[in-house]
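Trainee: Compute the structure for the input listed below.
(chains A, B and C)
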Amino acid sequence: MSTTLSYTLVITGAPWASQAPQSALAVARELIQANHRIDRVFLYGEGIHLASALSTPPSDERNWPREWSEFLAEHSIPAVACVASALRRGLVNDAEQARYELPASNLRAPFEIAGLGEWVEGTMKSDRVLYFHGSI
Amino acid sequence: MTSTPVQTPTLHILNKAPEHSRFAACLGALSPGDVLVLSENAVLALPARRNELPEGTLAVSADLSARGLEEAFAAQSIDYAELVRLTEQHPRIISW
Amino acid sequence: MSTLIVVDQAPYGSWAGREALDMTLSLAAFDQPAALLFIGAGVNWLRQQQAPEGIGQKSLEKNLSAAPIFGVETIMASASDCQRYGLTDANTLAGVVTVDDTKAAMAGYEQVAFAG
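Mentor: Okay, the predicted model is just below:
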C-alpha cells in the first residue's frame, strides 16, 4: 500500500496547440485511481484556453475542455485559470465581464479565475507539483 | 537566504522533440540516479537519438503507440499508472 | 521550499519570459525563496538598452532590475549562453550572476520550473 500524496497540476499548453491538456488528464485520472488527492489544477499562460466554454471541436473529435470540466466536477477538484493570463487572452467570467464592460463571458464551469497566489499555495502545500507544457 | 544543494534523485519528464533546445538542456541536467521519462514529441528521440539517451530512459506508452513506436521500443515503455508511481517515488520532479 | 524559475525563451517573441518573471515575483511576494535562471536564447532578456516600444511591448529591464528589491534572491545566467549571444559585463543588466555549471545551479533548488 502506498501513501496518499497531494498534487497540484499546472497546465501551460493550450488544447489544439499542444498535447498538454490530454497528457495532464491522463495523469490526473491515474492519480485519482491511485487514491492520490489533486489539490488544484492551475491553468497558466496558453493553458487558460482549456477553460473556454466556447471551444466547439467537430462532433467526432474529443472535446478536451468539456472532458476536463466533467472530470473536475466529478471529483470536486478546484481548478483555476490565472487571471492575468486569462484576461489577456480573452477568457473572462461574469465578474470580469461586468468590471470591464465586455460583451460576453466564456469561462467554463467549474473553472474559476484567480491570481498566481493559488499556484504559490500549490508549491507550498502540495506534495508534488506537475507541469504540463506545450511542446513547441 | 542561500539555497542548499539538493542531492535527491530527480524525475525528469521531457516532452520536447529532439530538435528543441530544451531537449538538449534536459539531457545536460541529468545526474546519476535521475530518471528520464520521454513523453509526447520527446519519444521521437528513441529512434533518432538512442545513443545520447541515458541507460534506463523510459517513454510513455500512449505516446509511443500514437507514433507507431510501441512495438520497437516496448522495453522502454511505461503506462500512465507507472508514471504516477514514479512521481510518488520522486519528490523532486522537473517538467521540461 | 526554494524554487528556481528557468527562462529559455527569447524575449518579445512570446509572453513566456514575462510570465516566468510574474511567477518568480509571486513566490517572492509570499516570502517563498525564489530565483531566476536564464539559459539558451532566454539570456537575451538580460541585455541593456532594450527599447521595445517600436514593437508595442514594454521592456522588462526595469522589472528585472527591481526583482531583488521584491525579494527575488538571485538572477543567474548561463555563462556559455551569454558568450554565445555576445553578452558581456559591459552590456548585461547589473546584478546578474553568470554560472558556468547550470546543472549545479539547478541542483541548489528544491523545485525547478518553467513558465511554459
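
Trainee: where's the residue lying closest to residue B:53 once chain neighbours are set aside relative to chain A, distance?
Mentor: Nearest non-adjacent residue to residue B:53, counting by Cβ to Cβ, 6 or more residues apart in numbering or on different chains: residue B:45, 6.2 Å away. C-betas here are computed from N, CA, C, even on glycine. Using Cβ to the nearest Cβ, to the nearest Å, residue B:45 is found at 12 Å from chain A.

Trainee: Test my guess that residue B:45 contacts residue B:16.
Mentor: No: contact criterion Cβ atoms under 8 Å: residue B:45 and residue B:16 do not qualify, at 9.2 Å.

Trainee: Identify the contacts common to these two.
Mentor: residue B:23 (Cβ atoms under 8 Å, 6 or more residues apart in numbering or on different chains).

Trainee: For the residue nearest to residue B:53, which three-state class applies?
Mentor: helix (DSSP: H, G, I helix; E, B strand; the rest coil).

Trainee: Count the residues that sit near it.
Mentor: Per other Cβ atoms under 10 Å in any protein chain shown, the neighbour tally for residue B:45 reads 22.

Trainee: got it, and residue B:47?
Mentor: Close neighbours of residue B:47, defined as other Cβ under 10 Å, add up to 13.

Trainee: mind listing what the residue nearest to it when sequence neighbours are not counted touches?
Mentor: Taking Cβ to Cβ, 6+ apart, and ignoring the residues beside it in sequence, residue B:47 has residue B:69 as its nearest neighbour in space, at 6.7 Å. Listed by Cβ under 8 Å, 6+ apart, the contact set of residue B:69 reads B:43, B:44, B:46, B:47, B:59.

Trainee: now that we have those residues, which one has the most neighbours?
Mentor: Going by other Cβ under 10 Å, residue B:43 tops these with 30 neighbours.

Trainee: ok, now which ones touch it?
Mentor: Neighbouring residues of residue B:43 by Cβ under 8 Å, 6+ apart: B:59, B:60, B:63, B:64, B:67, B:69, B:73.

Trainee: Tabulate those (a markdown table), appending pLDDT and secondary structure.
Mentor: Below are the contacts of residue B:43 laid out as a markdown table (pLDDT from 0 to 100; DSSP: H, G, I helix; E, B strand; the rest coil):
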| residue | pLDDT | secondary structure |
| --- | --- | --- |
| B:59 | 98 | strand |
| B:60 | 98 | strand |
| B:63 | 98 | helix |
| B:64 | 98 | helix |
| B:67 | 98 | coil |
| B:69 | 98 | coil |
| B:73 | 98 | coil |
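
Trainee: Of those residues, keep whichever come out buried.
Mentor: The neighbour count (16 or more other Cβ atoms under 10 Å in any protein chain shown) marks B:59, B:60, B:63, B:64, B:67, B:69, B:73 as buried among the contacts of residue B:43.

Trainee: Name the helix or strand for residue 81, please.
Mentor: In the absence of a named chain, chain A is used. In the assignment (DSSP states H and E), residue A:81 maps to strand A:79-82.

Trainee: The intended chain is chain B.
Mentor: helix B:80-89.

Trainee: What mean pLDDT does whatever helix or strand comes next after that helix get?
Mentor: Following helix B:80-89 in sequence order, the next helix or strand is strand B:92-95 (DSSP H and E). Averaged across strand B:92-95, pLDDT comes to 98.

Trainee: Could you list every helix and strand in contact with strand B:92-95?
Mentor: If you count contacts as 3 or more Cβ pairs under 8 Å, 6 or more residues apart in numbering or on different chains; DSSP states H and E, strand B:92-95 packs onto strand A:128-132, strand B:10-14, strand C:111-114.

Trainee: what does the shortest one rub up against?
Mentor: Just to be clear, that refers to strand C:111-114. Contacts of strand C:111-114 (Cβ under 8 Å, 6+ apart): A:10, A:12, A:123, A:129, A:131, A:133, B:22, B:92, B:94-96, C:1-8, C:16, C:20, C:23, C:106.

Trainee: of all the residues in chain B, which ones are close to chain A?
Mentor: B:13, B:15-17, B:20, B:39-42, B:60, B:62-63, B:80-81, B:83-85, B:87-88, B:91, B:93, B:95-96 (Cβ under 8 Å from any Cβ of the partner chain).
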